[in-house]
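Engineer: Just need the structure, nothing else, for what follows:
(one chain, ligands or ions: 2)
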Amino acid sequence: MTEPGSLAWVAALSRDYTWVEGVPFLSTTTGDLGALRDGFVVRDGDIVTVSYPKSGTTWILEIVHLVHTRGDPRWVQSVVSWERSPWLEKATGVGGINRQADPRFYTSHLPLHLFPTSLFTSKAKCVYVMRNPRDILVSGYHFWKTIKIAKYTESFEVYFEKFLQGEVPFGSWFDHVGGWLQMRGKENFLFISYEELHQDIRASVEQISRFLGTELNPEEVDSVLQHVTFQAMKENKMSNFSLLPDFLMDHSKGCLMRKGIAGDWRNHFTVAQTEAFDRVYREKMAGLPRGLFPWD
Ligand SMILES: Nc1ncnc2c1ncn2[C@@H]1O[C@H](COP(=O)(O)O)[C@@H](OP(=O)(O)O)[C@H]1O
Ligand SMILES: CCc1ccc(OS(=O)(=O)O)cc1
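Structural biologist: Numbers count the residues shown, from 1 in each chain. Ligands and ions are numbered 1, 2, ... in the order given. As a prediction, this is how the structure comes out:
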């Protein structure tokens, strides 16, 4: 096996997705997700951020990390986000996680059925972030265009169809959310949405700090808030993906911190696409109770 990050490893990256149990993955994903699911040991003190890509993961991470430092920005301004909280499923992920002292922070886009099973008997705290899938689709279209090993971004029409079919990195949004929502009600899981962060960021930061067991005083909350605005994060090179290597990201084609708003899908979807999306949404979400999501 080639060493992750080595020249041979970079040369072997391709646009071909690897399919694992019905889910497509980019070639930067670790080779053996089965071994990860069975072998990775989640510790009780771990803090795990889980999401479908483009749900606002980086925003939540910044909040979680600033809560941990009680609003002191030095950590988020000096260590790149994927070292503060490595992606579990990336080839370099487990190594990065195992180098951390407790509490360990890590991030994952894995669907529930591929996540290390030890999570489900642990007391690890897990924040699952959700977002209107229409905005995720738009955000993903613009983001995956910049990622050199992603595909189906030649036009919005093509990407739209692939998203609805689940043929995009990490698979179907509907399956991802439907899977993880089975964990709702468990006391070590917090479900929060991008839209809630937008509606009331102070209340959201307080909710996250309570969940993590790190109650902050009002001045500490103020400091967290100051560093998690869209503008502050867009300017923080440790969080804005500008340090993602050029062999992975074409920075001339876009950036992670694109618009940072809710509802941008209205500027992208045609009437026919809106209707097509709603049809699939209604069908796929039929089993879930009403009122679960702020965008419904
Ligand atoms: N502080 C912040 N405020 C608002 N949106 C933010 C944000 N930080 C990141 N985002 C948005 O979250 C999306 C990226 O999600 P993820 O971190 O899961 O990859 C991008 O959405 P847009 O492409 O709609 O702008 C990005 O702009
Ligand atoms: C493979 C490079 C890559 C792809 C996607 C990334 O972000 S995220 O998984 O969507 O959060 C980061 C790096």
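Engineer: make it CA atoms for all contacts and neighbour counts henceforth
Structural biologist: OK.
Engineer: hmm, which helix or strand of the protein has the shakiest average pLDDT?
Structural biologist: When the helices and strands of the chain are scored by mean pLDDT, DSSP states H and E, helix 7-12 comes last with a mean of 77.
Engineer: Give me the phi and psi for Leu243.
Structural biologist: phi -90, psi 0 (degrees, to the nearest 10).
Engineer: thinking again about what came up before, in the least confident helix or strand of the chain, what's buried?
Structural biologist: For helix 7-12, the neighbour count (16 or more other C-alpha atoms under 10 Å) marks Val10 as buried.
Engineer: swap in stretch 75-85?
Structural biologist: Within stretch 75-85, the residues scored as buried using 16+ other C-alpha under 10 Å are Trp75, Val76, Val80, Ser81, Trp82, Arg84, Ser85.
Engineer: quick one, what contacts Phe293?
Structural biologist: Ser193 (C-alpha atoms under 8 Å, 6 or more residues apart in numbering).
Engineer: So which residues of the stretch 1-150 of the chain form helices?
Structural biologist: Counting by DSSP state H, counting those that start in this stretch, one finds helices in the stretch 1-150 of the chain at the ranges 7-12, 33-39, 57-68, 74-78, 81-84, 93-98, 133-146.
Engineer: what's in contact with the fourth one?
Structural biologist: Okay, so that is helix 74-78. Against helix 74-78 from outside (C-alpha under 8 Å, 6+ apart): Glu62, His65, Leu66, Thr69, Arg84, Asn236, Lys237, Met238, Ser239.
Engineer: Switch these over to JSON lines; also include distance to ligand 1 and pLDDT.
Structural biologist: Below are the contacts of helix 74-78 laid out as JSON lines (distance: C-alpha to the nearest ligand atom, whole Å; pLDDT from 0 to 100):
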{"residue": "Glu62", "distance to ligand 1": "8", "pLDDT": "98"}
{"residue": "His65", "distance to ligand 1": "13", "pLDDT": "98"}
{"residue": "Leu66", "distance to ligand 1": "13", "pLDDT": "98"}
{"residue": "Thr69", "distance to ligand 1": "18", "pLDDT": "98"}
{"residue": "Arg84", "distance to ligand 1": "14", "pLDDT": "97"}
{"residue": "Asn236", "distance to ligand 1": "10", "pLDDT": "98"}
{"residue": "Lys237", "distance to ligand 1": "12", "pLDDT": "98"}
{"residue": "Met238", "distance to ligand 1": "12", "pLDDT": "98"}
{"residue": "Ser239", "distance to ligand 1": "8", "pLDDT": "98"}
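Engineer: Which ChimeraX command selects the buried ones in those?
Structural biologist: Per 16+ other C-alpha under 10 Å, the buried members of these correspond to this ChimeraX selection:
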select :62,65,66,69,84,236,237,238,239
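Engineer: could you dump the contacts of helix 74-78 to a markdown table with distance to Tyr52?
Structural biologist: Listed next are the contacts of helix 74-78 as a markdown table, based on distance: C-alpha to C-alpha, whole Å:
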| residue | distance to Tyr52 |
| --- | --- |
| Glu62 | 17 |
| His65 | 20 |
| Leu66 | 22 |
| Thr69 | 26 |
| Arg84 | 19 |
| Asn236 | 23 |
| Lys237 | 23 |
| Met238 | 21 |
| Ser239 | 18 |
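Engineer: Name the nearest residue to Phe277, ignoring sequence neighbours.
Structural biologist: Spatially, and ignoring its direct neighbours in sequence, Phe277 is nearest to Leu164 (7.5 Å; C-alpha to C-alpha, 6 or more residues apart in numbering).
Engineer: what comes up buried for the host helix or strand of that neighbour?
Structural biologist: Taking DSSP states H and E as the definition, Leu164 sits inside helix 156-165. Across helix 156-165, burial judged by 16+ other C-alpha under 10 Å covers Phe156, Tyr159, Phe160, Glu161, Lys162, Phe163, Leu164.
Engineer: Surely the last one and Gly171 touch.
Structural biologist: It refers to Leu164. No: using C-alpha atoms under 8 Å, Leu164 is not in contact with Gly171, being 9.5 Å away.
Engineer: before we move on, back to that, residues making contact with the helix holding Leu164?
Structural biologist: Leu137, Tyr141, Tyr152, Thr153, Val168, Ser172, Trp173, Phe277, Val280.
Engineer: Same check on stretch 244-253?
Structural biologist: With C-alpha under 8 Å, 6+ apart as the criterion, stretch 244-253 contacts Val10, Lys145, Thr146, Ile147, Lys148, Ile149, Ser242.
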